[in-house]
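Chemist: fold the following, please.
(2 chains)
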Amino acid sequence: MDIFIQLLINGLLLGGAYIIISLGLTLIFGVVRVVNFAHGEFLMVGMYLVYLIATQFGVHPYLGLIPVAVILFALGALTQKCIIQPLLNADEHIQIFATVGVSTILLNLALVVFGANVLRAPADLGTHAVMVGTFTVVTGQLITFIIAIVLAVLLHVFMHRTYLGRALRAVAQHRYAALLMGVNVNTVYCIAFGLGTAFVGIAAGLLAPQYPVFPTVGTYFVLTAFVIVVLGGMGSLYGAVAGSLIIGVVDTLAGYYIAPDLKEVVYFGIFLLILVLRPNGLFGTSTE
Amino acid sequence: MFKIKKLAVVLGACGVLASSVAWADVKVGALFPFSGALALLGQESYRGLELAVNEINAAGGLNGEKIQIIKADAVDPTQAVSETKRLTSSNVAAVFGSYASGISYAATPVTELAGVPYFELGATAHKITTRNYKYLFRSNPNTALYGVSVVNALHEMIAPGMGLSPKDIKIGIIHEDGPYGTDVAATEKQRAAELGYTVAEVLPYSAKTVDLSSLILRLKGAGVNVVLQTAYQNDAILYFNQAKSAGFTPKVVIGAGGGYSLADTAKAVGPGMNGVFDLDFPQSSINPAGAPGLDKFLEAYKSTYKSDPQSGHSLTNYVGAKAFFEAMAQAKSTDADKIRAAVLAYKKPGGQSANGWGFDFGEDGQNKASTFYVMQWQDNKLVTIAPKDLALGKPVFNK
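Modeler: Okay, here's the model as predicted:
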């Protein structure tokens, strides 16, 4: 029983990091309707920035994530304005290729600039484990989880109680109708994309104490993020949170009770099952 | 206008004639991952080949002919195949490669079909040399020997040093689930069984995993006190961090190369890496007395690349390349069958090459005289502790 609870704790906390990454991804898809294949590479850029800030200025990643989130917001907005915007009326596949192109460029740019070395941001807070009763909890994971829930709540409030949030939801529902209602759709797109990548910047800072950075680090997280987003329903914030927690727990339980190399088989299996029963994901709604 | 055009054509023709009349170079292909995820050590491996070629060219070349390298970037097995096709149609006398087993395994059928010798300098998967190829030769030891060497090191040196007898030991074998990890783990398990050790758990995992906490809980639950891991860099770092968090402290940890031999891993893990054992190709931190030519190699590396070697791969590739070039020189021809005969006849006892390896090629092209050395992390440095004449330190046993 003890082990089961420990696994549950590990799983939920693992879901914490995924919540933040998936929220960003689902926001981008929900509003801009673009599958951002470069999402993992933005995470990688964020982690490199956090590393640089930590080594050059001695700032702990948890504080360093604030400027990084701002920089990544700008980067995301820029990507939307310069790369995705011109392609908005083109075939969906073209948009996908554009983000794949961004992904490849960022990855190889990182390889050229930083080399393939594995770099670890020096951080003390967040790397230790504490005992809660008989269970171990890694402080970094706990902090990530708490911030993830806070972000999810803040995002919900933003989307439902502010004009900008409503504008984002309007564009997500129907682009042309929103345009007719006086919403500046292009600005909304830039903000949505920027917010999505800013979230990834926050995730980068929170992940830094646990994971070192190297050019392909994004690919380690992004595939699972995609599974979570589709599982939860593309564009649904509740879905991203629920999906992350489900996948996190399934990951740790399957890793222990079945086998570590069959974890993916189990959660992809559950993923397929849920899609068969609810094709739009757990919380997704069928959209045009 | 017409006159200028004619002049240009004539000059061009002269240029072409001049370059082809130049010293008849021996062209060799170099197939490595120069970009992508494997780039760091692919590049490092290539440097060993390049240094060998520079050395031979400076001394007059291969039987008087300068060696010219044609680089081919193989990011993954698919690209390896297309790049190898390009090399074989560029009239190379041989292809050198390739650091990664997947790349080697994919590229070698192409060269075998084309009748071009393939000299493998660093990839370890056993299955590469089990296909009865005539023109494939490998200077480095393979995974069949790896697992055996790891368990032998445990049995002969580490367990006695720690005061543990086989019945005290519960082994946990954890490995990345690609060909590298799977091959080594299989031979580890087999050798452990032969010697009468209990293998409590064999747990493969994806090298791209971001969480090993469940695996560590399994090891803990099984009472494992000796961990044998075959991992790349990120999973090695992840294992150490998460084992520390979970309070899992096995008495002995032995790695089989990969991430365990890299300075970056030790830096990322910190003091927890000290005491960990590792078996791998000879690193440059071996006793020069047992490795004549090592100092010359290190000097050449430093002056060419302005840094110290990043890993043992450059030395490994350098030693293998030099041996193969010597055999090619003895063949006195670029005919593949003559080269094969020369390589099979090329024998050198240990202790005469820059990393201490000897050379004795079997019918399958595998060098039977190259071995893995035993090392231990001490004070965040990788110290060679065996074989005896190449060791630079003594093992430290934290009982």
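Chemist: what number of residues lie near the residue of the stretch 1-150 of chain B found nearest chain A?
Modeler: Relative to chain A, the nearest point of the stretch 1-150 of chain B is residue B:40 (3.4 Å; Cβ to the nearest Cβ). C-beta here means a position set from N, CA and C on the backbone, and glycine is covered the same way. Neighbour count of residue B:40, defined by other Cβ atoms under 10 Å in any protein chain shown: 23.
Chemist: residue B:391 versus the residue lying closest to it once chain neighbours are set aside, what's the distance?
Modeler: For residue B:40, ignoring the flanking residues on the chain, the nearest one in space by Cβ to Cβ, 6 or more residues apart in numbering or on different chains is residue A:116 at 3.4 Å. As for residue A:116, its distance to residue B:391 is 30 Å (criterion: Cβ to Cβ, to the nearest Å).
Chemist: next: residue B:37.
Modeler: 33 Å.
Chemist: show me what contacts residue B:224?
Modeler: B:170-172, B:200-201, B:250 (Cβ atoms under 8 Å, 6 or more residues apart in numbering or on different chains).
Chemist: my guess is the residue nearest to residue B:40 meets residue B:39, correct?
Modeler: Yes. Contact between residue A:116 and residue B:39 holds when scored by Cβ atoms under 8 Å: they sit 4.9 Å apart.
Chemist: can you pull out the helices in the stretch 1-150 of chain A?
Modeler: A:2-32, A:39-57, A:61-79, A:92-114, A:139-161 (DSSP state H, counting those that start in this stretch).
Chemist: and what of chain B?
Modeler: Remark: helices assigned in chain B by DSSP state H are B:2-21, B:39-58, B:77-88, B:101-114, B:143-153, B:159-162, B:179-195, B:213-221, B:233-246, B:263-269, B:294-305, B:313-331, B:336-345.
Chemist: residues touching residue 179, list them.
Modeler: If you meant another chain, say so; for now it's chain A. So residue A:179 contacts residue A:185 (Cβ under 8 Å, 6+ apart).
Chemist: chain B, not that one
Modeler: Residue B:179 neighbours (Cβ under 8 Å, 6+ apart): B:101-102, B:105, B:125, B:127.
Chemist: make it 6 Å
Modeler: B:101, B:125 (Cβ atoms under 6 Å, 6 or more residues apart in numbering or on different chains).
Chemist: okay, buried residues for stretch A:95-111 please.
Modeler: By neighbour count on 16 or more other Cβ atoms under 10 Å in any protein chain shown, the buried set for stretch A:95-111 is A:95, A:98-99, A:102-103, A:106-107, A:110-111.
Chemist: list of residues touching the helix or strand harbouring residue A:196?
Modeler: Assigned by DSSP states H and E, residue A:196 belongs to helix A:185-207. Here helix A:185-207 makes contact (Cβ under 6 Å, 6+ apart) with A:17, A:20-21, A:23-24, A:27-28, A:31-32, A:42-43, A:46-47, A:50, A:61, A:64-65, A:68-69, A:72-73, A:75-77, A:80-81, A:144, A:167-168, A:171, A:175, A:179.
Chemist: which positions in the stretch 1-150 of chain A make contact with chain B?
Modeler: A:10, A:14, A:116-118, A:120, A:129, A:136, A:138 (Cβ under 6 Å from any Cβ of the partner chain).
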